[in-house]
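Participant: have a look; sequence and predicted model below, questions after that.
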Amino acid sequence: HVQLVESGGGSVQAGGSLRLSCAASGYIYSRRCMGWFRQAPGKEREGDAVVDFAGSTRYTDSVKGRFTISEDNAKNTLNLQMNSLKTEDTVMYYCTRGATTNGEYVCSIDWGQGTQVTVS
């Protein structure tokens, strides 16, 4: 059973920063990847950033240069440092975990409960 618990959400002014964390426990996929996904009201979930078992990272264009995803393997924690936040970053953020297969990333098999970020 995989458990993902996010923390660190909150309210911040535009241009500010927040750091999200996700504590992971339970089953670990081989060739795992983890990610941060967002969901705005009335919209589908979409991925912001993922990191794979080798430490390679990928970002969606809208967050490149502003967000940094990182893992602390010793603590089984996934982090997302968010800088230069914009009002359009007002969404629910979800920590996810999955696996890579033959170069294909499926990093959203398991989901946390989400943490709200509000930028005003």
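Facilitator: That came through, no problem.
Participant: check what pLDDT the residue lying closest to residue 26 once chain neighbours are set aside gets.
Facilitator: Closest residue in space to residue 26, ignoring its immediate chain neighbours: residue 2 at 4.0 Å, by Cβ to Cβ, 6 or more residues apart in numbering. Where C-beta positions appear, they are placed from N, C-alpha and C, glycine not excepted. On pLDDT, residue 2 comes in at 75.
Participant: contacts only, for residue 2.
Facilitator: By Cβ atoms under 8 Å, 6 or more residues apart in numbering, the residues touching residue 2 are 24-27, 97, 110.
Participant: distance check, it against residue 33.
Facilitator: 13 Å (Cβ to Cβ, to the nearest Å).
Participant: and residue 68, by the same measure?
Facilitator: 16 Å.
Participant: okay, and the beta partners of residue 10?
Facilitator: residue 117 (DSSP bridges).
Participant: need the contact list for it.
Facilitator: Contacts of residue 10 by Cβ under 8 Å, 6+ apart are 18, 116-118.
Participant: give me the buried subset of those.
Facilitator: 18, 117 (16 or more other Cβ atoms under 10 Å).
Participant: among the contacts of residue 10, which pair sits farthest apart?
Facilitator: Maximum pairwise distance among the contacts of residue 10 (Cβ to Cβ): 10.8 Å, between 18 and 116.
Participant: so for the two, which residues contact both of them?
Facilitator: 9-10.
Participant: quick one: the residue nearest to residue 26 from residue 35, how far?
Facilitator: Taken as Cβ to Cβ, the span from residue 2 to residue 35 is 13 Å.
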